[in-house]
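*Asks:* model the following, please.
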Amino acid sequence: MRISEKVDGSLVLVGKSWGSFEETVRAMVEHLAAAGRLPAELVEPTIDGVCRREREASMTMADVGVSVPHLRVPGVRGIVWALAVAAPAVFSVGVGLPISIVALVLSSPSLVGDHLEFLSSLSLLLQSPRCRQRLMQARSSEEVVAVIQAFEERGGPLAR
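*Replies:* Numbers count the residues shown, from 1 in each chain. The predicted model follows:
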């Protein structure tokens with residue numbers, strides 16, 4: 001699955017920072033709802049579910065500055081996701097460890113395989129130090145989308 005085919009620039013937040021993981025999740029979930037991608041009645045249960053899941057098993061990789069919170073949510077249609085990118089940090093964990101890239105992924109419970117395939121593709125993208133660096137340097141959602149597209153293109157500038 002190509003992430004570039006699923007990225008929507010209107011769901012990319014660039015240069016925004018929040019004080020905590022919970023505040024970040026709230027802002028991203030509310031952004032998905034405002035964009036019509038998540039029913040309003042699912043906002044609070046989704047925030048609660050994502051934060052509970054993070055407490056049980058963290059989806060934050062502080063060593064590379066990335067967090068990929070994800071949850072299968074009844075009432076969600078397909079896979080919806082939002083991306084937040086900010087240098088030096090979208091939020092910080094522990095003793096000021098910056099998390100610069102947050103990809104929030106929500107999907108229908110019936111899409112187990114698609115959910116896992118999307119997460120796998122996203123993981124490949126975010127494992128690249130060069131891709132992460134370029135994402136953090138992006139100044140607009142259009143630049144973020146272009147970075148993702150370039151990374152996935154065979155022979156693109158980020159594949160080298």
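*Asks:* helix, strand or coil for Pro109?
*Replies:* Using DSSP: H, G, I helix; E, B strand; the rest coil, the three-state assignment for Pro109 comes out as coil.
*Asks:* that one touches Gly75, doesn't it?
*Replies:* No. Under the criterion of C-beta atoms under 8 Å, Pro109 lies out of contact with Gly75, with a separation of 9.3 Å. Where C-beta positions appear, they are placed from N, C-alpha and C, glycine not excepted.
*Asks:* just the element for the most centrally placed residue in the chain, please.
*Replies:* Among the residues of the chain, the one closest to the centroid is Ala103, at 0.8 Å (C-alpha atoms, centre = their mean). Secondary-structure assignment from DSSP states H and E places Ala103 in strand 101-107.
*Asks:* other SSEs contacting that strand?
*Replies:* Strand 101-107 is packed against helix 21-34, strand 66-67, strand 70-72, strand 79-85, helix 112-127, helix 129-137, with contacts defined by 3 or more C-beta pairs under 8 Å, 6 or more residues apart in numbering; DSSP states H and E.
*Asks:* what lies in contact with it?
*Replies:* Around strand 101-107, the neighbours that count as contacts under C-beta atoms under 8 Å, 6 or more residues apart in numbering are 24-25, 28-29, 32, 38, 46, 50, 65-73, 76, 78-85, 90-91, 114-115, 118-119, 122, 126, 132, 135-136.
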